[in-house]
Every structure is written in structure tokens, then in C-alpha cells.
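Q: coords below, sequence missing:
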């Protein structure tokens, strides 16, 4: 039921914000947050929709992203390893979760496809400054994905999450082997 | 028991019996090694009496020495042993050693051999840092004096090399002693120090003294002391100066000139001459000062008056002066001193000249100015002596410059361009901040630090402006180290009988015959209110209608009558001791009509300024510091002619500047960006950091306040006006613990309402007449119930219980204790747990109090996580409920929070609630502005600041449109058009909060960006949280006046409310935990236990503390200040030890620990107990 409300509100895009959560919260306390998320962030919804349009029209090579299912706050992104890097020929799936105060706060981004990289840990968490303290409201999904793509080829080996990968980086041949060994496309 | 008999015997025996008594000494010495404190103490007192009886007789003393008294005594003190000794034991040992040392040369030698110097150094450092051990310091200095005596009497002719070595050792203490003397709260301490220094100087070699000048800056120290009024100190200091000159003429002449000793001596000479001539006219002007001469000479039998003749000082000064002249003739080489003084003066004169012009309009001038400022601050200042600094009037000029000339102008006359002035002042502040906080030329200190040091040093010269007033009865009733909790009034407060008589020429008023009892805290204004209806003929309105005077001197309206009297009677003294006859006398104070109209001179200007401040969005403009600077005067009634005034003003300004350095320099950056000097928004960074707050603390003033607070009548209103004044306007000069003590001692007056004669403005509602309720005092009608209120709460519904408890007892003057319904535990433990549980409940998700609550996921429970501290979540004024939460409930919770916070402060409880710095600022009635947002929400804050910069740039471009467009000033947000951000006029993260009606359909563009930014700032910091903040503040005000908290800053509030943050970090766990009943520090289970504690993570620590003390955080001061101490005792078990669980007694902070067979088992059991034991007091 909550789902239905969600799709409706982000589909039409112009539903006034106030009444929906009020009604939902009156019915059940537990459902209130879920319902609110749909109507949540008029501006966030609008922003994400416009980003989606820009991504589809822009046609950047090797990066793409779509909302996952009906929830516009959950996206799935894909980046392809750039040519002439150890990641050439690979394609990685990422999960992006947008907070309700996006773009003031950065989305949470995680690798879903296992990725052997100095700045990515076993759980797919990424250590990238623009996703933490260097975040700015001027960034968007496209800049995030492009940054991650370039991070693949140019890791920051000074503060590695995966020390093994950082140590191996100097030996690109061995590194490539590890990348392939651990690469499990969905 | 036997000891007591011995003690009595010793007491009775007179001189003849001494040899006999001496035979007991070795036995007593053995007892000193006993571990039992009581035995130790009585043995000590016996020995002490022995020594006192035998003093002056070297042969007895030598015998005492032989019996190893010294060895054992030193053994007790050694290796930090003195820290653990009881409050009575330490003076005992010191006294004993002192007696022995004073008589026996041999003893002194062996003391030196045992390294007494190092020990003394440690002790002096320790006590001078704690600001409250002045009595101990006094003892130490006296001890050193006694050590010196044999050295002095043995004379130079037979000075052995050994003795020289001793002198060298002692001399290394001189640096410390100079500090003690400078900061000593009482003249007596200071006098002893200078005598000791005199002795050391007398015995030292010239080369050594040169070295000493370099390390301890003796000359500067002498200047400082010579500026005091106390004639004994001045005399001794002059003596020392004379000796120094004798020892190394050339060198000390130069340093004396540089540091101003010469100047001061000349002044003294002139003063003394004046004094002598005026004394012939007025015989009775001979002020009596209590004589310090005999304090040190224990055996002096002479009873005639002070050694210092009236003319002694003059003679001495002249003598020294003569020797100066001699040097001058021999020595013609120009010294640097003149140059430096000239340079400094020149710099400030120039600064001052610019103060009147507007440098922004003249860029060359501006640059030149900043160049010489830089040179001055970084190159010259460190080598400038305090004296030069003070003499050149630097402080005055500096303030004048910063205030844009407002200071030296008596009045603000051009009110019209107030806005222009405001801008200019801000500009200058920014410039100066930039210069003063920048580290340059590889030096590690910032210019501001040096500047503050010099100012404080100069402030210490005006020692006499802050007299400590002590009464003789009820002397120092308070233990110096104790932080007092609330005071319960037992004795009647002291009253003065004052007879009010009409002034002789007064015709408009009737006479009043009676005598009025006046309390210590009464000010003339309060008396007037009583007196006016009796004496007035007409009915004139307004305040200050009467003027009071005592013996022809007008009483200041801001000073209490009591203080005025005392100060007038003891004029010219630096510390005042009230003797008992003072209280019995009756005083005549005359009154007459106050004719001088009380004109608020610059009132029109003031109101204009206030209106301006109101509108201004920057918080620093609204801060009292800015007012001070802008009006060029300190708030309140102060004597502006006092030498300390300039210094206080300057320090106040510098402190404000330091405090607001982030705001100032961020604002500067924003402006730079606006004007195109900064290209990108990513460059909006602040690179300077403020200097630590404690740099501004004056140890002299802190010591003085501490001393004053030890006075038993302090709570009754024996609070000299300088204390009140300093605490209110310049709290940063006083140490945190001193202010905290001050708060504890004075806060009760803000809610005593009906009893005290002072109506305080703070509201004390219905409580005062509260009838005793049923649940309290039923079980304990004892003494305790007079100070305590017991209240029963239920665990399940703790917030509601808490709220009802607070409405019932919130404003009670008694300490509140809590009992949980259906549990047996009482006392501190449950009460602490109550406060921390309430604290936790108020952080739960889904109650809508805090930012971050909104981000919770469906059905998520737990606590609001905020790594930057909690800050109220904005609530729209339109909607009263969102997501099932009613605004009225939120407001109620804030009210409860206010009550709980206030009660916790008052009763010394700890709240486990991580409030943000910004919220503490609200609590302290400070204004918040856009620059505060990053402190609790960095992401939002950053973006909003960037938007703000963009707005400023746009404005700048619009006003200077005729110029050619600067390519650096594009108006995109990081190359993105603002519209593309798709922001609408709702609060970020809370789309239901529309910033304007219909805001969710209004897109943010460059044109309405300013409005958007202002609305967000307002919603976040003001409008959106106004109701919550109001509820909080009024709740605190019901308990005590919120205003009184203003003496603290944000960090200190956090320390008070939440206890120490990383008390565990100090690895000295075993120092603060006691082991008893079968355990000691070396038992294997204890070793395991300590290891486990050290391995604990922060959460475990909190759980452990919660388990053992009832609160997850330690009180102020960490484990060390836990009272009673955390104690581990052995749990008696029959059967298998490893099946047992540890248990606690939270009131006594006992943990009963079974002696588990291994560390692993202990850890598991402990963790189990921690997890299970929380939330109930059934385990005991």
C-alpha cells in the first residue's frame, strides 16, 4: 500500500506535500515515515527527475543510472572500466541512496559488484572525498559516477581501505589478475 | 592510644623536661612509618610539639636529627607521596621540618642532601597551578625561608663550597617563587617571597644573578612589586634592588632601565617626598597597616612597632637613585631601550592618527599601516619589556584604533554615519585578527599570545585595584579544594548597624533618626528605597534620588555599603582584614538630595546602536564585546581612572576578537570572494585558528578570587564589587574552576527571592510557600531531610514522572533525590541514574526535538545520532503536527529539558546528553548567526555560506556596475546555474516546512537567492526553533536566573553538564581506584581487573560507570573527583568462585568482585553484569 502511494506521488510530481503525510500518520505511526518518504522532498524529487533526464540525454560513455523500481530515492548505477586501465572490459553495478536533504547531503554510494580497488573495502564502501567532506550541492549523479570511474584508474594509495590492493597497485599485471579473479558480474 | 598520652605529656612538659622528652623521639620516628593515618598524624603532632618546645636550642635539634626524623619525614614526602597525604598531615610534616631547619645547621645540610629542592619545586608548581592551595604555598615559602637562615647567619667568610652548592640549588626555585609572588592573592605571601628572594640574592654570585635575570626576568618582577601600595613589600623590594645593583652594577643598571625599575623608583621617591610634606599637615593620616615584619621571625621577642620607619623607603630610594647617577656618569653608551620605547610609541601614535582617517579609501596608507603592524607584532613585540609596553600607552592606542577612534573621543557625536562606522570597525577587527593570529617567521607563538601575555603582566602591576576582604571570624571556613555544592543557611546573616543622618546643608529632606540594620549585600539603591518614603517631602520620581556619603566621601551606587565602608576605613591597603570590633560599631552615613541629573549621555546614540544591532544579521555585532569596542568603554559603572581599566578594556576586546576569529575571517573571505579577489567558492576557507582560551586567564586575579571565596561570609554578600565586575564583564580572566565555585556560591541568591532583601528580577513562583508533601519526610525527619527532597518516579513512564517532579520541586532550594517506584535503592545512585535516563529518553528518535530525527527510516527506533551534537529541529509556524508528533509535545519536552538541565547544574548531577555547541550558546543567551550553522550541520552550513558569498558578489557587482566586468566574478554556483539545482523554498530535508507560503512551488534562482538564504538561516536558528528555545529558557529561569550562566562559555557548559569526556585516557586508573577488604593493587584479580578496564571501549566504559556509579559519565575532574572513590572489594564466595557475579553499591561506588580464576572469566562475568545490571537496582 505504501508503495502505491509512493509511485503516485513521484509520478505526478506536483502533489501538494502537506496532506499526504498527515493522513498517513493518522492511520498508523509505523507507516508514517514510509509514506512520508514518497511525498518527501518535493524539491528532491524534482531535482532527481531532472538529473535522470540529463543523464539520459547526455550520453556520457561508460556511465549510466536509473531509479531502482518505484523508489526515486534508490538508484542503480553502472560504470564501465576505462580503456587502458586494469579495469578495461569490466562493468560495475553501484547502489545510490539519496537522503531527504539531497543535494545538501551527499547520497550514500556503494559498489554492488565486488571490486578489488585500494579505495573500496570488502563491503563495497568507497572512500572518496566528494562523497564525504568535500561534497558540494553542485555535484550530481553524473559527476559522482564520473569521479568514481576516474578513481578506478587513479586510486588514492595514500589512504587505502584495501591495503592489499594498494600494495599490489605497483605491479599492474598482477593487479589486473586480481581484478579479474574477484570480478563477479551480476 | 599510648600516643595520646605521650602527646599530653609532651604538651605539659616545659623547657626543663625537654631532654627527657627527646628520648621519645626515636620511638616516635618509627611510628611515622606506620601505615595507619591516625597513628601517623598523632606521632607527627608529638614530634612537632617537641620541635616547637626545643626550638632555638641547637643541641636538642641535632639530637632529633640523629634520630632520623628528617630521613623519615622526607621519605613520606618523596615520590609524589605528598600528594596522597591528608590535609592535616602535610602541614604537620612541613611544620616539623621547618622547626628543625630553623635551629639546626646540620639538619639543613641533610635536607639538602636528600634533594629537598626538587621536591619543593614540584610542590610549588603543583599548588600554584591549582589556584586554591595558597595556604600551602605560604607554608612552603616559609619553609624555604627557614632553610635559608642558617646559610645566612654563617656568613660569607666561612662559606664552604658545600653551602654554595645549596644556594645554587635553592636559586633554581627563584623562578617559581617570582611567579608565586606575582600571583599571590595576599600581600603576606608576596612579602615572604620577596624576603626569600632577597636572601638568595644576597648569597648568590654576580654571574649567577645575570643568568637569573635572563631566565626569571628579575627586574620586571621587581617593577611589578614596586608598583604595589604595601610599604613592607616596597621596602623589601627596594632592598633587593639595592643588593642586585651592588652585585653587578653595570648589568642590572641596564636591565633596570629597560624593565622600568628605575622609573618606578623615581616615582616612589617623589611620592614619598609628597607624603612627608603632607604628613606634617595631617598627623592622623598615618594609615595603619598590619605589620608583616614579624610573620617570618618566629623567635623574635621584640614587640615594638614596625621596623620600617616612615622615611626608610625614601632614604632607600634615594640611595639607589644616587647609585644610578654614578652609573650614568661612567656609562655613556646608548642603550637600545630608548629606541624601542620610541618605536613602540611611534607605532601607536601612527596607528592613532590613522584611527581618525578611513584607511580603506587610501590603499597606500593602508598597506603601509599593515606592514608596520606586521613588523611590530612579529619582530618587536617579543623583545619589548612589559614596562615599555605599558608605558607607551599601547593598550589605549590599540583600542582606539580598533574602535575607529571611539575610545578617546569622550562621546559619540556623529550618530549619523553609525552604519559606516560599524563597517569600519568590523574591517579593522578583521585586519587585526588576521595579523594577530598569523604565525610568522617560523616562531611558534602567535602575536596575539604575546600581546595578551604582556597585557596580563601589566595588569598584575595594578594589584591594588582588587583588594581581598577577609573577616576575622569564621575565617576561611571553606576547604580550599572543595567545590561547594549548594549552601544551606544555618547561621544568621551578618548585619551592620548604620545610622542615617541628614547632611548638614540639606534642606529639601526631612531628617531620619533611626538606625537601620543593613545586610552585607545591600547597595545604596536598596537603602534609598527604604529611606526615601521617610525623608522625602515632595514626591519626585526616578531612581538615585539620594546621595550617600561617609565622612565626606560619596558612596558609589554600584558598590555595597559594606564594601564602601570597609574600603574607606582601610584606604591605601591592598588586602583588608576586618577585625571583630568592626561589627559592633555603629556607622553614620549622611544623605542628601541628589542634584546632578542622571543623564544617560549618549542615549540617543545608544538606542540607535541597539536598533542597528537588532537588524544586523551577524552575531558578533550583538555581542557585548562589540558594544564595548564600539562605544569605547566597558559596560557598567567603573572607575575609568583606575590604571587597570585600560588593560581590562583591551583584554576584553582582544578576547572577543579571538572568540569571534572564525566569524571575522570567514566574513572577510566572503567579502573577498564577492569582490573577485577569490576566484572559486572552494577557496572559502579560514586558515587561522584562535589561541586557547586559558591564555587569557590571569593567575593573580584567579588566586584573589579563590582567596575571597574562602571567606566564610562570601555567601552572605561579602563579595567585593571587583569580583562581581570581573565575573560579569571579563570572566575569561578567571579560571574555570574559580568561576564554577563562584557560581555555586552565589546562585542561591538568585532564587532566594522572598528571604533576601534584594529583589532579583528572577521569577520564583509559587514554590517558596510550598507545603510539605506527603511522600517526603515521612521516613527521614532527620537533618538530611532539611537539605533534600525525595521524590518517587516510575521507570516505565519516566518522562512524565520527571515532568511532574519538576513542576512540583523544580524551583526548590533543596537538593532533589530520586527513588524508583518499587525498588529499594535510594540516594545518589538512583538519582544519578534518573538524570541520565531522562537524558537518554530525550534523545530518542521520533519525538521531534532534534535535527536528524527527520532522517529516520520507517519503524526505526533508537537515538538521534548526531556527531556534532544535538540542535533543535525547526518547526514551521504553520503546521502544529508532523508525522504524528505534536509541536506542543515537543515544546513540553524542551520545557522538561530546561528543568532537568537547571536542576542538574544546581544539584551537581550529570546529564548524558550530547548537546551541540550552538545549543549551549543559546543557553548562554548568545546570538547565533549563519556562521554557527557549520558547527552542528557542516554540509548545510557549507552550502548556505557559499550561497551567501554568491549573494554578496551579486550585490557587489550591482553597486560597482560602471567598472569593467571582472572575469573572476561569474555568478554561477560552481559552474552550475542556480535554477539547475532544483531547490525550492522549503527547508532542506523537511519539505513540509515551507519557507514562504506556497514555497514548494517556488524555485530558487539567483534573484531570490538572498531571500532564500535569509529564510533558511532564520528557520534554522531563530523562527523555526523559537518556541522550543523559549520553553527551555523559561524553564531554566524557573529554577535560577539563566543570566548567571553567562560567566561560562560553551565548552565550559558542556564540561559542567556532561562531565569529563576522556577521563579514562589517563592510564592512571589505579591511582584513583581504591582496593580494600582482601585486595590490594598487587593482587592478581586486581591486575586482571585493571587490564580489563583499560581494554574497554568507550561504550563499555560508559556501561561500567553506569553500573558502578549510576551515571555513564564521570563528574568534572574524572575518576579523581569521584566522591566517594571507586573502590574494589573482595566478594566472599562459598562454592565455585567462577559461578559468582560481581555486584555493586552505587551509592558508595563499591564494586564487589569475586576473585575469579582467570582474566577471561572475569571479563565475561563483568560484561554480563554490565549488560544485565543496567536499568535496575535490584542487584546489591
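A: Arrived safely. Because the structure is a prediction, the values reported are computed rather than measured.
Q: From here on, just use CA atoms for contacts and neighbour counts.
A: Will do.
Q: Looking from chain B, tell me which residue of chain A is nearest.
A: Distances between chain A and chain B by C-alpha to the nearest C-alpha are smallest at residue A:101, namely 3.6 Å.
Q: So residue B:719: helix, strand or coil?
A: Following DSSP: H, G, I helix; E, B strand; the rest coil, the label given to residue B:719 is coil.
Q: ok, so what distance separates it from chain A?
A: 50 Å (C-alpha to the nearest C-alpha, to the nearest Å).
Q: Assign residue B:501 to helix, strand or coil.
A: Classified using three-state DSSP, residue B:501 is strand.
Q: isn't it right up against residue B:515?
A: No - assessed by C-alpha atoms under 8 Å, residue B:501 is found out of contact with residue B:515, at 9.3 Å.
Q: who has more neighbours, the two?
A: The neighbour comparison of residue B:501 against residue B:515 (other C-alpha atoms under 10 Å in any protein chain shown) goes to residue B:501, with 19 against 15.
Q: Other residues contacting whichever strand or helix holds residue A:76?
A: Residue A:76 is part of strand A:71-80 when elements are defined by DSSP states H and E. Residues outside strand A:71-80 that contact it (C-alpha atoms under 8 Å, 6 or more residues apart in numbering or on different chains): A:6-7, A:10, A:38, A:45, A:48, A:62-68, A:87-99, A:145, A:149.
Q: Mind listing what's buried along that strand?
A: A:72-80 (16 or more other C-alpha atoms under 10 Å in any protein chain shown).
Q: so after it, what's the next helix or strand?
A: As assigned by DSSP H and E, the chain's next helix or strand after strand A:71-80 is strand A:91-97.
Q: next one: the helix or strand following that following strand to chain centre, how far?
A: Once strand A:91-97 ends, the next helix or strand along the chain (criterion: DSSP H and E) is strand A:108-111. Remark: strand A:108-111 is offset 5 Å from the chain centroid, using C-alpha atoms, centre = their mean, to the nearest Å.
Q: now check strand A:108-111, is it near chain B?
A: No - shown here: strand A:108-111 not in contact with chain B (C-alpha under 8 Å from any C-alpha of the partner chain), separated by at least 13.3 Å.
Q: So which bits of that strand are buried?
A: Residues of strand A:108-111 classed as buried: A:109-111 (neighbour count, 16+ other C-alpha under 10 Å).
Q: Tell me which other helices or strands that strand touches.
A: Here strand A:108-111 touches strand A:91-97, going by 3 or more C-alpha pairs under 8 Å, 6 or more residues apart in numbering or on different chains; DSSP states H and E.
Q: The strand it packs on: how far from the chain's middle?
A: How far strand A:91-97 lies from its chain's middle: 6 Å, per C-alpha atoms, centre = their mean.
Q: Tell me where chain A is predicted with low confidence.
A: Residues of chain A meeting the criterion pLDDT under 70: A:1-42, A:159, A:186.
Q: Swap in 90 and give it another go.
A: Across chain A, the ranges flagged by pLDDT under 90 are A:1-64, A:66, A:68-73, A:81-90, A:99-106, A:115, A:118-140, A:142-143, A:152-174, A:177-186.
Q: Identify the residue nearest the geometric centre of it.
A: Geometric centre of chain A, nearest residue: residue A:96, 2.4 Å, by C-alpha atoms, centre = their mean.
Q: That one bridge partners, please.
A: Beta-bridge partners of residue A:96, counted by DSSP bridges, are residue A:75, residue A:109.
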